[in-house]
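[1] A predicted structure for the sequence below; I have some questions about it.
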Amino acid sequence: MSERLGPDVAATIASAASAAVAESKIFPESAVSISQGKKSPPPDTPENTRVRSLVILSFWVVVITVGLPLWWITTAIYRAPLPLKEMQSWADGRACRAEFPLLIDVEALTLPDPEGLLKTVQHALDDANDFSAHHLRLRLSTNSSKVEDGEESVAATLRLSQGAAGSPHSYVLSPSSRAIDLFYSPSYNPTTLSAFVASTLQEIFAEEQQMISYLLASSAPAPSPSPSSGGGNGGNGVKVVNKVNTAEIARKMSRIVKYSPMYHLTFSLFTAAGDPSNWEIEEAVSEYLQPLLDALGGISGFTVDSQIQFYASLSSSVVPTWVPDSEKEEGEEGEEGEESASGRYILKKEDLSSFINSAEWPLVSITSYPAINFIIYIPAADQSPLVIPTSSTNAFLLPQWGGVMIHNPPAGSDNTHLTKEALKPALDIFATQLLSLLGAPTHPASLPIRLDSLTRQRSAELLVSASSTLGSLYRLTLALPSISIPSSVSTSVSSTLSSLTAACQELRHGRFGGALEEGRNAEEQAEKAFFEKSMVGQVYFPEEHKVAVYLPLMGPVGAPLLMAALKEISRLVRVWKASRLKK
Amino acid sequence: MDRRSLTVIIATVVLRLVLFTAFPSLPNLLTNRVELSTPVTSFKRLQEGLFLYTHGLSPYDGGVFHQAPLLLAFFTTLPSNPIVVYLVYILSDVLSAYSLIQIAASGVSVSTPYHTSSRKSSTWPPWAVAAAFLFNPFSIATCIARPTIVFTNTVILTAIAKGVQGRGVAAVLALAMASYLSLYPVLLLPPMVLLAHDSLPAVKKKGRSLGSFAAVLTAVFTVAAAVLGALSWGITGGSWEFLASTYGVHLLLPDLTPNVGLWWYFFIEMFDSFREFFLCVFQLHLAVYLAGLCLRLRKQPLFVITTLLGISSIFKSYPSIGDTALYLSLLSLYRHIFPLMRYTFFVTSTLLYATLLGPAFYHLWIYAGSGNANFFYAITLVWSLAVTVLVSDAIFAVLRDEWETERPEMKGKEIVQI
Amino acid sequence: MKLPLALVTLLSCGALAQHTSNWAVLVSTSRFWFNYRHLANVLSMYRTVKRLGIPDSQIILMLSDDIACNPRNAFPGTVYNNADRALDLYGDNIEVDYRGYEVTVENFIRLLTDRVEPDTPRSKRLLTDDRSNIFIYMTGHGGNEFLKFQDAEEISAFDIADAFEQMWEKKRYHEMLFMIDTCQANTMYSKFYSKNILATGSSKLDESSYSHHADNDVGVAVIDRYTYYNLEFLENNVQSASSKHTMKDLFDSYETEKIHSTPGVRTDLFKRDLKDVLITDFFGNVQNVEIDGEDEQKWKEDVLQLSKLAVDFTMPGRKNGTCASARESAETSAPAVKKVGAVRVEGSKGWSRNAMGIGALLTCAAAWVAGSALT
């Protein structure tokens, strides 16, 4: 019945073949020994003996000089040398102490003693910082040279100027630039001002700092290198902030899509009815979303497609509840009779978790890189308005997956066409969801600063993930000694290591764009090394299988050879003894 | 050449021509048989190579063609008429037969300078040896299927014919050509040197020790092989690709098309991690007999060659019926030892059994789908077993013959092996 | 100094507590008609996980798939798991990822470890990460520490254990449920040593697993007992993805008298208490949801303006060009498409080539004549 014979049967056949081999192999001795008669074998002629010895020797010479080395070479498992020590030190986080020095230019033209202020602020910042890898450095900018090219980039520019009389210290963050305008109160007091400057800066970069510290901490095992080396004398107020937000940070981190140099965005319109039949998604994306995608282009690229699915039904477990407008209590299930009364259908949180009807909605990506889905759902007329009571935007986010918005078209409007303008709120929500899925911090209002933060965060993430991949590879090579390691793995590993080192350097010098680039390469090479496709196969090969493999050789071929050699040796021993006796 | 030989040759040429022309579908039918055409000899693959070659592409592109470049040069110069191709193959067989006649006429199979068989009288005349080759159904089928092994066989037989005439350089040149065409004949070099040296006329032999003779012939062989390699390099437009695509295929067995040999199935089933090792074992296995045979059968180098051809017809990487046909034709030179062989009935019936059932089982496996690969492999095992028994039985018979020459009183008596 | 450490542990616990995606790998390792029930087992599981919300893109189905259209099938194009033939498992919307002779040990291990050919489609890959829960279901013919794949090869318990370890090392799963229905099934998970694996099998060492019942019209057994009772529990109790039944409930429902073999559960690698592990943690796909709250309102409003302005600035450490170069690198990282075009070749009467060949042949002939003449 079986289409092929199993390996064991193959071995049997091999032994049959080798038996045939052996049969023809035995002949030199067997043929020679013919010459012995029935009763008392007459002595061999010396010439025959010599020929026989030579024949046996010739077989053994080939077996030993060629066969054995070939056996050794061909069955050895090739394991390319890997820089295990270095890999381990990266995995443990000992190789590189990632640093994120943020340079802040301070423009204080009107201040009497800017250097003095800077010093105090710097001191206050250093004191307050319990995560020394991420620290702020202040620099008094001279008016002439704004940004030197090639040097480290400026994380933010702090512009100090005098505020209106009588006002307290305040600051304004421009949403579209890295400038922080700080207005100090005219009643100039260096101590309060420096404290205010310090806390302002801390506040702006707090979230990023927490996220990076979380990233680095979660990567490193016990000898956690990252936090708490600098601020030994801590106990400042900032720490409290850090602690409070950890749960929040963990939640934020958990929704971030794993870094990839490319993402695919799918915009889907699922409508429970047959309309709208078209939507201006292309225009809407290019107008509302493309600028953001362009801005993100330095971190990851994006491809976009869209689809419409008509008569898309919710899965059977999602049952919206009808709530009349007047009383907020959970009313009885949507009574069709009360159609006239204003009310709404609400979705509970449990409904949302199985809102995506993955059995029927075509949400399969065919790209090789990760996909992020954005869905606009338009409920059927008899189920609208459909709302999520706890959400002001009627939208929700699925961590690592995408976002959903429920769109209730205004009653009485033309439902067959969804215009660009109608899509705007949805796309705005999707933009924020995209940023949060990618991991941009929510906090400072300035988009440039947030994207800078994202760059640093992603570099840290890549560094951590490439290092941990190296660690996994390191442990695997030790744990599975029978797995072969092709030389391409070794090449990829060394490329990873050099990229990691370069990334670390770039970080130290505050060149975060370069660090991201190197980190990307490190990650790619590390993945390539780990997922080397020839490093597969049945690792487990028990000894009895090996016996089965070698038996055809050892049995029919090896045994006659061995017997002949033993006979020959015993004859030689006899001759030698006889010659001694003669003496 | 006497009249009988001529008659035999003419008869067989006519027979082949009739088969070629009267059954126009027969050549292509046989060309597709795996028993006759292997990946390294197939005429169909040769045509593929020729097509690529004449269209200015590398003949080895596509991984179908694995044969020597000189064959391309040869076939492109031929007019592209099928009759011409038929005639070339028939001529090749005739040349083989002519070489066999020469070998048989020399009487080397029964009498060498060191050994003369006591059964000398019962040997076959040259025409009968030629007939045994030319009328052998295996030879005929091979000729009609037109694999390039036909040329290799002719060149090997030519080399032997030159060898028995003591013309060492010519013998070695022919052997170089044979090795160039299908690699494994390189194993015949040492016995060929011995054969040529033994056959040297006594006058010439005087001044030349075996050592220097062997050195000269080995050098000639090497130079000839190098020249052939260089010519091939030129023919394929200055590329060494042919080395990997011809000899690499012989050595590494990338193509697992079934054949009558033992390798294909074994390497389908082999654990990947042991593949290289067993490739080495199988290749080494072919070479390991060389020294032993040369030592033990020093008196009869022609029989060493015969036996080596027999062994390689079983154990080489892509054997075909054509190899066995060559062995059988050389064995027919040893008619005088047939009475000493013990398993002739077994071997004959087993060979017939395998010959008849092989195609049937292949059909069941490939076309009918009611059998599987094991069916055909079992038959190739039987076939190989039969040839193995034949080879070892022939060796036994020759050794017995040698022994009886030493001890004429034991002739025809029962002996016991211990 | 201690604080951050405590913080780390706290965080890692928090992070481990949830998963964001569910994957299922469902394997039937046998082929041929008389193994109908194995296909039915797997398709029943397939139906169940799909019912509970795991999308097809996250289900890897490996089948010989030679039953539905088998000439011996009296009900062509269908597969049933019950003699009442109420439910056609093969009916609609079956996406088989590995079919027929693709169901091999090598492919299975490649799938688990993701060491696949670069051109493998997404549907044939297990694209999981450290937040994915994986449900692995295997059925077929097995023995002590091995499972046969289509009568041609076998996978050993060690191979699976090593593959799982590689997955764990590469953080390819968060938690895993391994369920196997073969003879001596419990031996298959005895060699596991990687964390966060919950394993269950149909029978212990030296015990066979039995089929539940045969359909006389189909002519063969249609489902195995262990799978049957698992399905019975899931059908009756786990109606929807929001079910609160736990793995403990499922395991407690196993009865040796019914199953006719001793089902096993291995929990020592699994950290959580089974009482807290929902069945839908493995069989269903419950997505976490974050509802956009009011606090993000302000931020949302900013976005449009910000994104409009975003065009005007450049990222630090890069010029405008790097944006393009990032794209380029992304493009080049996609498999470089070699321009393969058909080239028309003509039967050239290349005389130089022919001359070369003739020259070579003449050289050979000359050498032969000379060699023959020499001796």
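    Received, thanks.
[2] Quick check: residues of the stretch 51-200 of chain C near chain A?
    For the stretch 51-200 of chain C, the contact set with chain A under Cβ under 8 Å from any Cβ of the partner chain comprises C:51, C:53-58, C:93, C:105-106, C:109-110, C:113-118, C:121-123, C:129, C:131, C:151-153, C:155-156, C:158-159, C:162, C:165-166, C:169-171. C-beta here means a position set from N, CA and C on the backbone, and glycine is covered the same way.
[3] make it 6 Å
    C:53, C:55, C:57, C:109-110, C:114-115, C:129, C:151-152, C:156, C:158-159, C:162, C:169-170 (Cβ under 6 Å from any Cβ of the partner chain).
[4] Of the residues you listed, which belong to helices?
    Using DSSP state H, the members of these that fall in helices are C:109-110, C:158-159, C:162, C:169.
[5] Just give me the closest of those to residue A:122.
    Ranked by distance to residue A:122 (Cβ to Cβ), those are led by residue C:169 at 43.2 Å.
[6] Make sure that closest one is actually in contact with residue A:472.
    Yes - counting by Cβ atoms under 6 Å, residue C:169 touches residue A:472, with 3.9 Å between them.
[7] Can you get me a residue count around the nearest residue to residue A:389 once chain neighbours are set aside?
    Distance criterion Cβ to Cβ, 6 or more residues apart in numbering or on different chains; nearest residue to residue A:389, sequence neighbours excluded, is residue A:346 at 4.9 Å. The local packing of residue A:346 (other Cβ atoms under 10 Å in any protein chain shown) involves 18 other residues.
[8] Filter the ones in helices among the residues of the stretch 51-200 of chain C next to chain A down to the buried ones and hand me the PyMOL line.
    Buried members of these, defined by 16 or more other Cβ atoms under 10 Å in any protein chain shown, are picked up in PyMOL with:
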select buried, chain C and resi 109+110+158+159+162+169
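[9] Could you identify the helix or strand that succeeds the helix or strand encompassing residue B:169?
    Using DSSP states H and E, residue B:169 maps to helix B:168-182. The helix or strand immediately downstream of helix B:168-182 is helix B:189-199, counting by DSSP H and E.
[10] Does anything pack onto that next one? Which helices or strands?
    Counting contacts by 3 or more Cβ pairs under 6 Å, 6 or more residues apart in numbering or on different chains; DSSP states H and E, helix B:189-199 packs against helix B:149-164, helix B:168-182, helix B:210-235, helix B:301-315.
[11] same thing but at 7 Å, please
    helix B:149-164, helix B:168-182, helix B:210-235, helix B:275-296, helix B:301-315 (3 or more Cβ pairs under 7 Å, 6 or more residues apart in numbering or on different chains; DSSP states H and E).
[12] Make a markdown table from those and add distance to chain A and mean neighbour count to it.
    Putting these into a markdown table (distance: least, Cβ to the nearest Cβ, whole Å; neighbours: other Cβ atoms under 10 Å in any protein chain shown) gives the following:
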| stretch | distance to chain A | mean neighbour count |
| --- | --- | --- |
| helix B:149-164 | 20 | 26 |
| helix B:168-182 | 19 | 27 |
| helix B:210-235 | 16 | 17 |
| helix B:275-296 | 4 | 20 |
| helix B:301-315 | 7 | 26 |
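[13] quick revisit: output the ones in helices among the residues of the stretch 51-200 of chain C next to chain A in JSON lines, with pLDDT and distance to residue B:333 appended to each entry.
    As requested, those are exported to JSON lines (pLDDT from 0 to 100; distance: Cβ to Cβ, whole Å):
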{"residue": "C:109", "pLDDT": "91", "distance to residue B:333": "57"}
{"residue": "C:110", "pLDDT": "91", "distance to residue B:333": "57"}
{"residue": "C:158", "pLDDT": "89", "distance to residue B:333": "58"}
{"residue": "C:159", "pLDDT": "89", "distance to residue B:333": "56"}
{"residue": "C:162", "pLDDT": "89", "distance to residue B:333": "60"}
{"residue": "C:169", "pLDDT": "88", "distance to residue B:333": "67"}
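[14] Also within reach of chain B: list those from the ones in helices among the residues of the stretch 51-200 of chain C next to chain A.
    Contacts with chain B are made by none of those, judged by Cβ under 7 Å from any Cβ of the partner chain.
[15] List the buried residues of the longest helix along chain C.
    For chain C, the helix with the greatest residue count under DSSP H is helix C:351-374. By 16+ other Cβ under 10 Å, the buried positions in helix C:351-374 come out as C:353, C:356-357, C:360-361, C:363-364, C:367-368, C:371-372.
[16] and which of these is nearest chain A?
    residue C:371 (30.5 Å; Cβ to the nearest Cβ).
[17] hmm, who's touching stretch A:305-319?
    A:266-274, A:279, A:281, A:351, A:354-355, A:357, A:359-362, C:240-242 (Cβ atoms under 7 Å, 6 or more residues apart in numbering or on different chains).
[18] Can you pull the residues of chain B lying near chain A?
    Close to chain A, as judged by Cβ under 7 Å from any Cβ, chain B has residues B:262, B:266, B:269, B:271-272, B:274, B:276-277, B:280-281, B:284-285, B:287-288, B:291-292, B:295-296, B:311, B:372-374, B:381, B:384-385, B:388, B:391-392, B:395-396, B:399-400, B:403, B:415-418.
[19] which residues of chain C fall in strands?
    Residue ranges of the strands in chain C, as given by DSSP state E, are C:21-28, C:59-63, C:98-99, C:132-139, C:142-143, C:146-149, C:153-156, C:175-181, C:197-201, C:211-215, C:220-224, C:264-266, C:290-291.
[20] Which single residue of the stretch 51-200 of chain C ends up nearest chain A?
    Here the residue of the stretch 51-200 of chain C nearest chain A is residue C:55; by Cβ to the nearest Cβ that distance is 3.1 Å.
[21] Please identify which helix or strand holds residue A:303.
    Here residue A:303 sits within strand A:301-309, counting by DSSP H and E.
[22] Residue A:293 too?
    helix A:290-296.
[23] So what's the model's average confidence on that helix?
    The predicted model assigns helix A:290-296 a mean pLDDT of 85.
[24] Just the CA trace of it, in CSV.
    Extracted in CSV, the C-alpha atoms of helix A:290-296 (Å, rounded to 0.1, in the frame of the first residue of the first chain):
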residue,chain,number,x,y,z
GLN,A,290,-0.4,61.0,3.0
PRO,A,291,1.4,63.9,4.7
LEU,A,292,1.6,61.9,7.8
LEU,A,293,2.8,58.8,5.9
ASP,A,294,5.5,61.0,4.2
ALA,A,295,6.6,62.3,7.6
LEU,A,296,6.8,58.7,8.8
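[25] Output the below-cut-off pLDDT ranges for the stretch 1-150 of chain A.
    Applying pLDDT under 70 to the stretch 1-150 of chain A picks out residues A:1-44, A:142-150.
[26] Could you pull out the strands in it for me?
    Listed in chain order, the strands found in the stretch 1-150 of chain A under DSSP state E, counting those that start in this stretch are A:100-107, A:134-140.
[27] For those strands, state which one has the densest average packing.
    strand A:100-107 (a mean of 21; mean count of other Cβ atoms under 10 Å in any protein chain shown).
[28] picking up where we left off before, what about the longest helix of chain C and chain B, touching?
    Yes - using Cβ under 7 Å from any Cβ, helix C:351-374 reaches chain B at C:354, C:356-358, C:360-361, C:363, C:367-368, C:371-372, C:374.
[29] Just checking, which of those residues comes out lowest on pLDDT?
    Lowest pLDDT among these: residue C:374, 73.
[30] show me the residues around that one that make contact.
    residue B:169.
[31] The residue nearest to residue A:285 when sequence neighbours are not counted bridge partners, please.
    Counting by Cβ to Cβ, 6+ apart, residue A:304 is the residue found nearest to residue A:285 once chain neighbours are left out, at 5.9 Å. On the basis of DSSP bridges, residue A:304 is bridged to residue A:265.
[32] What is the helix holding residue A:293 packed up against?
    Short answer (3+ Cβ pairs under 7 Å, 6+ apart): helix A:290-296 packs on helix C:297-310.
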